[in-house]
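Enquirer: after the sequence you'll find the predicted model.
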Number of protein chains: 2
Amino acid sequence: MTSRTRKSPEVRRAEITQAAAHLISQHGYNGISLKDVADMVGMSQPGVLHYVGSKEGLLSLLVTDIYDAYGTPEEFLQTGLPGSDPEHPHLPAYFDYLVAHNASQPELTQLYTVLETEAVATNHPLHDYFIRRPAEVWERYSEFPWLLPKGMEWATDMRVRVRMSLEVMDGIQIRLLRGPKVDYIQEWDRFKALIFPSPLWDGYR
Amino acid sequence: MTSRTRKSPEVRRAEITQAAAHLISQHGYNGISLKDVADMVGMSQPGVLHYVGSKEGLLSLLVTDIYDAYGTPEEFLQTGLPGSDPEHPHLPAYFDYLVAHNASQPELTQLYTVLETEAVATNHPLHDYFIRRPAEVWERYSEFPWLLPKGMEWATDMRVRVRMSLEVMDGIQIRLLRGPKVDYIQEWDRFKALIFPSPLWDGYR
DNA sequence: ATCATTATCTAATGATTGGTAGATATGGCT
DNA sequence: AGCCATATCTACCAATCATTAGATAATGAT
């Protein structure tokens, strides 16, 4: 009863982040309370509040700690991917990396899907974030010439391919929510073969 | 003050259903209260409760009144689709119909996507419903031989094509939630051309 | 007109919510 | 050993929630 465990703010913040990610990925932001998070971390509700400031602070924590550096092209260039030529990175290879990244962190991927859907509501704390995000991603992509095609006739086409790829990933992730279970990577490979047909792409690459 | 508007149960039930669909498609089930629905219908909170019994009753109302007969193969056979041969219905044509149906009712489509995602939580009232649904849909499909291929080498393949098609629809619907806007039908046509390549499919049909 | 049915309301309840104020105890530092 | 900063707690608050109980008024049938 009189034994309080006092941990460093860094550790606590990490614990809170992890607990929030777990709970919200399953119940959504509207489906959880600060008490739920507090119980999982093993402290009182005001204890959690001391770190996050408000319930919305939980989301800020998740977004900044997790997604701002999640699966970026920079990360891809450093990490690479087994079987891909690091000298000649290209768009489908980056998508392969992104999919592998998502598949290896199913909880974070589910969290993203759940929040993305919940944030349709204009009064949702992350509404603006998800509205802004596509433009920001495009902007970030434009820094990497190898993501975009050189030929002009490919250029317009490629935006469509990117859009279709992202739609496919979202679709697979929805499927992962409820089953029947599918293999994320295997399923993506099917679509990749259709969206980036081998002969055409090989010729470009 | 003293003027109560008293309507027939049928009308009221319809009003409540519509209001609930509108609100939940935007904020999710956890994001709304009975008072929100009551305000939109213009009555008191217990007034609404008199019809739906409990908050979960709202969802039952939506599911039974809307989705149980939504875009079924039967409906497809009766309605048909401009440009399709009613004598020889086939799978891609049915999907065209389904997509057109979804695109014509964006609010109901969004409602479905939002609820589907929210229902990952095992304690969500519709969790079991969305778990059961895929098997039920497959069972219903099997009543219509024209949905499934005759050739054996196609049979295994076709399940994959169906799964990919459904994933694509979910993916497009996620995209519709937040923009940038895309044309549902046009986008589906792109994927259809990939999943059901014309020469192959024409040969079968 | 009267009456029974019932749609709708007001009022109240207990639970839960996010958030605040102030007390307390813990761990690092000297 | 003692002190300070602060992590964590208990207690409390106002708001909101779903739900219940009981009163009231509107409608349709007689």
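Expert: Nice, I can see it.
Enquirer: list the buried residues in stretch A:71-91.
Expert: When neighbours are counted by 16 or more other CB atoms under 10 Å in any protein chain shown, the buried residues of stretch A:71-91 are found to be A:71-73, A:76, A:81, A:84, A:89-91. The C-beta positions use only the backbone N, C-alpha and C, and glycine is treated the same way.
Enquirer: tell me the secondary structure for whichever residue of chain A sits closest to DNA strand D?
Expert: Proximity to DNA strand D, evaluated over chain A using CB to the nearest atom of the strand, is greatest for A:G47 at 2.7 Å. When the structure is reduced to helix, strand and coil (DSSP: H, G, I helix; E, B strand; the rest coil), A:G47 reads as helix.
Enquirer: mind checking how far the nearest residue to it once chain neighbours are set aside is from A:V11?
Expert: For A:G47, the nearest residue in space outside its immediate sequence neighbours is A:A38; the separation is 6.3 Å by CB to CB, 6 or more residues apart in numbering or on different chains. Noted for A:A38: a distance of 16 Å to A:V11, by CB to CB, to the nearest Å.
Enquirer: higher neighbour count, the two?
Expert: When A:A38 and A:V11 are compared on other CB atoms under 10 Å in any protein chain shown, the one with more neighbours turns out to be A:A38, at 18 against 9.
Enquirer: what pLDDT is listed against the residue nearest to A:G47?
Expert: Here, the pLDDT recorded for A:A38 equals 98.
Enquirer: just the buried residues of stretch A:71-91 now: which is nearest B:T5?
Expert: Within the set of these, A:G71 lies nearest B:T5; the separation is 54.7 Å, counting by CB to CB.
Enquirer: which ones are touching the closest one?
Expert: A:G71 makes contact with A:97-98, A:101-102 under the criterion CB atoms under 8 Å, 6 or more residues apart in numbering or on different chains.
Enquirer: put the alpha carbons of stretch A:182-201 into PDB.
Expert: Only the C-alpha atoms of stretch A:182-201 are listed here, as PDB (Å, rounded to 0.1, in the frame of the first residue of the first chain):
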ATOM      1  CA  VAL A 182      -4.200 -13.500 -44.900                       C
ATOM      2  CA  ASP A 183      -0.400 -13.100 -45.300                       C
ATOM      3  CA  TYR A 184       0.100  -9.400 -45.700                       C
ATOM      4  CA  ILE A 185       3.400  -9.700 -47.700                       C
ATOM      5  CA  GLN A 186       2.100 -12.500 -49.900                       C
ATOM      6  CA  GLU A 187      -1.100 -10.600 -50.600                       C
ATOM      7  CA  TRP A 188       0.800  -7.500 -51.400                       C
ATOM      8  CA  ASP A 189       3.000  -9.400 -53.800                       C
ATOM      9  CA  ARG A 190       0.000 -10.500 -55.800                       C
ATOM     10  CA  PHE A 191      -1.100  -6.900 -56.200                       C
ATOM     11  CA  LYS A 192       2.400  -5.700 -56.900                       C
ATOM     12  CA  ALA A 193       2.600  -8.100 -59.800                       C
ATOM     13  CA  LEU A 194      -0.500  -6.500 -61.300                       C
ATOM     14  CA  ILE A 195       0.200  -2.800 -60.500                       C
ATOM     15  CA  PHE A 196       3.900  -3.000 -61.500                       C
ATOM     16  CA  PRO A 197       3.900  -5.600 -64.300                       C
ATOM     17  CA  SER A 198       7.300  -7.200 -64.600                       C
ATOM     18  CA  PRO A 199       8.200  -6.700 -68.200                       C
ATOM     19  CA  LEU A 200       7.200  -3.100 -68.200                       C
ATOM     20  CA  TRP A 201       8.900  -2.300 -64.900                       C
END
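Enquirer: sweet, I'm off.
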